[in-house]
Structure formats: structure tokens, C-alpha cells
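>>> Prediction below, plus the sequence it came from.
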Amino acid sequence: MNFKEIAKRGETGPLMEAGDFLMKRLSANVLKLQKSHDIRWDGKTLLNLDDAMADRLWEAGRELLLASGIFSMSSKRVIELSAAEIDEALRFAPDRLPMGSGKDAVTAFHRGVEDPRRPFVFSGPFNADTSEEMFVHLNEAFAQERLIDSLLFPGYLKVLDGQMIRPTSALSSRAAMLYGQWAREAVRRAGRPGMPITGHAVMALNEIACTNEAWGLRSTDPRAMVLISELQVDDVTMTRLAYYQAYGCPIYLAFTPLVGGYGGDPAGTAIVAAASFIAAAVLGGEVAHIGPQHIKYKQQTNAHSLFLASLANQAVARNSRIIATTSHTTSGRPGSGEEAAQYPREFSALAICAVASGSNVTGPRPAEPLGFNNVSPLMARLFAEVAHAAAGLSRETASGIVGKLFERYKDRIDLERAPKGQAFEEMYDVKSLRPTAEHQEVYDRVREELVALGLPLG
Amino acid sequence: MANAEETYARMRKAIEEYDSDAAAAAAQEAVDAGLNLLEAVEKGFAEPIRSLGEAFDRMEVFLPQLMLGSDAMKAGMAVLEEAIKAGGGTLETKGSVVIGTVEGDIHDIGKTVVAALLQANGYQVHDLGVEVPAGRFIEAAQSQKADIIAMSALLSTTMLYQRDVLELLGNKGLRDRYFAIVGGAPVTQAWADEIGADGYARGAYEAVKLLDSRKGAWAK
């Protein structure tokens, strides 16, 4: 089904209130499907080992999308889909996606469960608030990490020239153009001029102003759109999608199934996640990003989210060609000192879980960054190393490591109690773009810890 | 005459089973039996809805159950409220809250949970939905004779509109009339302080605790 038809159904489908779509269609269908397909969480498993349940989840997700459709929050209409249309979208979903240009071109690909191939790594500031002064330095420091395949969401310019940016204002167009220019400048400075920049400038519709082949984001750079929880879109998302598809960009579609939300418990929300993966393919998403969110913890490394990410990714890996990636947001924040180990322990647990389950990786980032530039390129290096090392691990081995890591941070996932971390300019010498000795010590210590836990980091 | 405890038990069961029709029927039974309706509110509806809110906080039930329980309570309360008013009485609530997600922001879930838990804890809640312009918050607060304006924003980009509501209140000379609180993923105490909000809550339960603990500041 082409985009024109999807957009048309967003104007002509059944009209209803959002609450009715979420409660009477989505929640009601999840409850039925959870029973009929016997999708359950035993209350303790962090990494799913049950292939049959992963396959049942896939079927339940497909049936959920068929029964519920996708809701347009703007037109209040449901984009309904037939079984044939869903199956066609899955049949033609790309399993490989080239991006970037020249010698920096790379290819993201569909992975299988316990796939020995190294996952594709999307990493960068991941939309943490980024100051004007640090934007290029911070992104250059990420881009110089050779294990990062695509620079991810080069930051959010919340303030420009001392003025907070309103998303639909003229200033946001200026911010979007600078975002494109500075991200391009950063990858040039890092010696990777064609490195793909996965863009998501959080400036509503005006973010398309960052597009320019000469100085900004190009047609070879993936562009991200985010579905609204659960199975919802709006005019801004659809308009960006229309523009970026027409411009020829690789399409990166993200969604954040919310454990405890309209999908209910972790198993019910996994059905929503599977449906969202398929919806992403139907909408033309070529990389599908799952952010396994949580209504209480507001981050992605809690027990519920680990299980959800593992089960949903296995369902996708075993039953489709979809190129999946999993985002990593944590309670801990990057920094220095004893407590700073929480951040890499958390993202390592989820990365091992996701990679062994057949996903690529996106992240990491603290779920609640404190102040500007609260992200670390050095921690991104460790994240990529962990993701690579997890490739080919059996789920049983991976599960053992994940369990041990989880024990070390589980009592500190409350965002208020988690370590506060530091800004990039406190963790790095901004001139040399090298980490401080104190920040390097955290990397060295946690890397050793991971090796001792059995992760083959080499 | 129906036994009061039996009627209250039926009211509680209706909430626990998320059954709006049964809640309205049990409430009508309380009215027809001439029971003390204020006691019926507390024992029949308030107790089970508070329990439901606590179960949600422990993640033993989830958003659909919280919403269905809240809907059942609304259906039953409509019956009781009408009878109380007809008898010349008034239904005491802790306070009146106007709540919404600010302009430009279509995210609904966090605000909906806060609204449901405030209602479960005895507040009268007027949910304005999402993408609520600054002026509409103020119009609704005036028309509903609200004590509290609660503003949610999920995006860094839209939290700016929380400031606009406060600024417009000030421009209209109404700033002291309402207790204005803010919340949402990117919102912090520092942001609340910067824009001059009266309070900040990280989550839904914190919002209830904040309003309960600061009653002296907003009760008229």
C-alpha cells in the first residue's frame, strides 16, 4: 500500500474519539489476544527463551493491528488495514538498508535471534538538550568513535542566542538549519563526511529546514519519525513522513510501547509492540525502533522493559524481514566516580538482551538528562563494544549476564535516586576531545567488570 | 429498606469490576433506600477507587483498569450527586482541578493518569484534553471555579507553553487566584521555579501528594 492510500484513509476512515480508540479498540483487543494467544510474563524472566511464545506474539501483534488499525490524532479517523495489505507490507519490507555516502556508506540489516553478525549501532546525543556552544564538539566526539555506524539525533537546540525555541516559530526554522549545518560540520571534522546522520530535530514540522545536500542533512541521511503511544500518528508525523519519503531519505520509524499503559502488563504491551513493528513497516518505515517505555519508571532498563524488548524483538527477528533497533534509556547518567557505573551497567544489560534477541541498537541516553549535554561519547564506545560482543551469544548465556547486571542496579532505578552525572564538557577535554582520566576510569572499570561476568569483550 | 452495608458492598464491587452500569444501579439503590449519601460516596466509591489507585502505583493493575474504574465511579457519582443536590446538599470535594496537556503537545497518557488519580483521591477534575491553548486553561478555570490549574508537557519544545499560561494569568491579573502546577517528562523543579509555577510533580502520585500537602496554599 502506498503512502497516498495511507494518507487518504487518514481522512476517510471511521471517525472516533481517541479515548474510544485506545480503550474500546486497542485495550479491549489486547486483553482478548493475550488470552487467546497465551502471552504471559512469569514475573521474573528478563530475557525471553521461549520461541513458541515469540511466534504467538507475532501472530497476536498482527491480529491487533488488523483489528485496531492506526489512529490519526489529528483527523480522529482510523487508518484501517486488511490482512492482505499488512502481509504485503511485510513481504516487501527491506531487510537491508544502505545509508550515508562515499567511503562512509554503511548498511543496516535485519538480524536473527542469536545472530553472530555484529549489530548496527546508532549513537549520538540522542536528543538530549544540547547547548549551542557544545553542539559541534559533542557531535564530533561521537562521530570520531569508529564503532558508531550512524550519528544519532545530534541533539536538541532548546535555546538559541539566549532565546528558548518555540517549536512552530520562525526561530525553530533557524535552529533546524543550524542543526543540519552543525551536524554536517561535526562529521566532517571527525573525518567521516559521508557518515549517515539519523536526524530527528524535535522542532515539529519546521525540522525539515535542516535538509540541504550541500550543508545540511541529505537524502542519504535517515530521518526519524515517532509514532504516538499506542498505534497513533498525527499530521506533523505524517507530513514529515511524506516529505522525507519523497526526498528519498531512509525512513527510521520509532515507537515507544508503554508498559502499564493501554497495553497493560509487560506481556500485553509486547503485543502492542509487535503490532507497532508491523505498523512501522506498513507506514513505510525501513528501520523500526522500539523504545520499551514504562509508565512508572520512565526508562527502559527495568525488568518489565527488558522482558518486553527481548520478547518483541525475537518475534520480529523470527517472523519478518524488518530491520529492528532498540533504544536504550537509563536511570543512571554518565559521569565520573563510583556511582557512575550504574549508567553503563544499565545500558549493557539492555544491549545484551536486545542483541541476543535479534535487534540492532540505538542509544544510550539517560532517560532524564540533567541540564545540557548530559551524554558521553566514551560511554557510546562502550555501548557499541558491548553490543558487538553480545552478537552470537546464546540467549541462555546472555540471560545470565543480564541477570547479574540487573541485580547491581535494580534498587536504584528510581530517577530521583539515580546518579546525577555530568555534562560532556566536564567529562571531556573539549579541545582535544579526549575523556578526562576520571571519566575514563569508569569505562575501564565497567569494561573489566563485564569481562569478568563473561561478556567476550576481547 | 436495603441494608446500607450491602449496598456499599455492591457499589465497591461495581468499581472493582469496572462496571459503570452496576455502579449507577448501586448508587440509585442507595438513593432509593434513603441512605446517607455522603457516607455512600466515601464507603461505596471513594474507598475502592483509592485502592485501585494504590494498586496502579504498585503496578498490580494498569492504565485500562484505572480508566475503567474511574469511569465506573463517574457513572455512580453522577447519580449520587444529582440526588444530593436535589436534597439541597452539596458534595464535598477536596478541590477543583482544571488539567490539560499544553498547546502543541498531543501526548495524553501522563495527563490522563494524573487526572484519574486526582479524581480517585477526592478532587473534582475537569480534563481539557491535549493541545490546550493558554487562554482555554484560564477560561475553563474561571467557568469551573477551579482552585488548581495543572499543566502537562511531554516535550522539551512544548514546556514553553506552561510558562505562557502563567504569563497570561499574570497579564489578566488572575495569577493569585489559581494554584498552578506543572509536570511531564522534561519538566523539573528548576523549570517550575524559573517560570514561577506554584508546584511541580514528577509523577501522578506525587501530584496528589503535592496538592494534599499544600492545601493551605490553594484552598479558597
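In hand now; what should we look at?
>>> any idea how chain B splits into domains?
By the assignment in automatic domain parsing, chain B contains the domains B:4-86, B:96-218.
>>> Could I get the average pLDDT for the shortest one?
Okay, so that is domain B:4-86. What domain B:4-86 shows for mean pLDDT is 92.
>>> export stretch A:401-413 as PDB, just CAs?
C-alpha atoms of stretch A:401-413 as PDB (Å, rounded to 0.1, in the frame of the first residue of the first chain):
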ATOM      1  CA  ILE A 401      24.900 -11.800  32.300                       C
ATOM      2  CA  VAL A 402      21.800  -9.600  32.100                       C
ATOM      3  CA  GLY A 403      20.600 -11.000  35.400                       C
ATOM      4  CA  LYS A 404      23.800 -10.200  37.200                       C
ATOM      5  CA  LEU A 405      23.900  -6.700  35.800                       C
ATOM      6  CA  PHE A 406      20.300  -6.100  36.700                       C
ATOM      7  CA  GLU A 407      21.000  -7.200  40.400                       C
ATOM      8  CA  ARG A 408      23.600  -4.400  40.500                       C
ATOM      9  CA  TYR A 409      21.400  -1.500  39.600                       C
ATOM     10  CA  LYS A 410      17.800  -2.700  40.200                       C
ATOM     11  CA  ASP A 411      17.400  -0.900  43.500                       C
ATOM     12  CA  ARG A 412      18.400   2.500  42.000                       C
ATOM     13  CA  ILE A 413      16.200   2.800  39.000                       C
END
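>>> What residues does residue 73 make contact with?
All of this refers to chain A. A:Ala18, A:Ile228, A:Gln232, A:Val233, A:Asp234, B:Ile106, B:Val130 (CB atoms under 8 Å, 6 or more residues apart in numbering or on different chains). In this view, the C-beta of every residue, glycine as well, is placed from N, C-alpha and C.
>>> that's the wrong chain, I meant chain B
B:Ile15, B:Ala23, B:Phe45, B:Ile49, B:Gln119, B:Ala120.
>>> For A:Asn319, list the residues it contacts.
A:Ala54, A:Asp55, A:Trp58.
>>> Going by neighbour count, which of the residues you listed comes out on top?
Within those, A:Ala54 tops the neighbour count with 26 neighbours, counted by other CB atoms under 10 Å in any protein chain shown.
>>> I'd guessed it sits against A:Arg318; true?
Yes - contact criterion CB atoms under 8 Å: A:Ala54 and A:Arg318 qualify, at 5.6 Å.
>>> where do the contact lists of these two overlap?
Contacts common to A:Ala54 and A:Arg318, judged by CB under 8 Å, 6+ apart, are A:Val113.
>>> Show me what from chain B comes close to chain A.
Listed as neighbours of chain A in chain B under the rule CB under 8 Å from any CB of the partner chain: B:56-57, B:59, B:62-65, B:67-68, B:104, B:106-109, B:113, B:130, B:155-158, B:160, B:185, B:188, B:202-203.
>>> Take these and, keeping just the buried ones, write it as a ChimeraX select command.
Buried members of the residues of chain B next to chain A, defined by 16 or more other CB atoms under 10 Å in any protein chain shown, are picked up in ChimeraX with:
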select /B:56,57,59,62,63,64,65,67,68,104,106,107,108,109,113,130,155,156,157,158,160,185,188,202,203
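>>> still on that earlier bit, and A:Asp149, which of the domains of chain B is closest to it?
domain B:96-218 (26.3 Å; CB to CB).
>>> Tell me the gap between that closest one and the middle of its chain.
11 Å (CA atoms, centre = their mean, to the nearest Å).
>>> List the buried residues of stretch A:43-55.
For stretch A:43-55, by 16+ other CB under 10 Å, it's A:Thr45, A:Leu46, A:Leu47, A:Asn48, A:Met53, A:Ala54.
>>> quick one: the fifth one and A:Ile39 touch, right?
Pointing back at A:Met53 there. Yes - the pair formed by A:Met53 and A:Ile39 meets the contact definition of CB under 8 Å, at 6.5 Å.
>>> contacting residues around the top helix by length along chain A?
Identified as the longest helix of chain A according to DSSP state H is helix A:170-189. For helix A:170-189, contacts defined as CB under 8 Å, 6+ apart pick out A:104, A:132, A:135-136, A:138-140, A:142-143, A:151, A:154-155, A:157, A:160, A:163, A:165-166, A:193-195, A:197, A:199, A:201, A:203-204, A:206-212, A:215-217, B:157.
>>> my read: A:Arg412 touches A:Gly332, true?
Yes - using CB under 8 Å, A:Arg412 makes contact with A:Gly332 at a distance of 7.3 Å.
>>> List the residues that are in contact with both of these two.
A:Gln342, A:Ala418, A:Pro419.
>>> which of the residues you listed lies closest to A:Arg223?
A:Ala418 (31.4 Å).
>>> mind checking which helix or strand B:Val97 is in?
strand B:96-101 (DSSP states H and E).
>>> what comes into contact with the next helix or strand after that strand?
Using DSSP H and E, the helix or strand that follows strand B:96-101 towards the C-terminus is helix B:109-120. Outside helix B:109-120, the residues that touch it by CB under 8 Å, 6+ apart are A:229, A:258, A:261-262, A:295, B:49-50, B:52-53, B:56, B:63, B:66-67, B:69-70, B:73-74, B:97, B:99-101, B:125, B:127, B:130, B:150, B:152, B:154, B:183-185, B:201, B:204-205, B:207-208, B:211.
>>> And stretch B:54-70, by the same measure?
Here stretch B:54-70 has contacts from A:23, A:27, A:31, A:260-265, A:268, A:295-296, A:304, B:15-16, B:18, B:48-49, B:52-53, B:109, B:112-113, B:116-117, B:119-120, B:204-205, using CB under 8 Å, 6+ apart.
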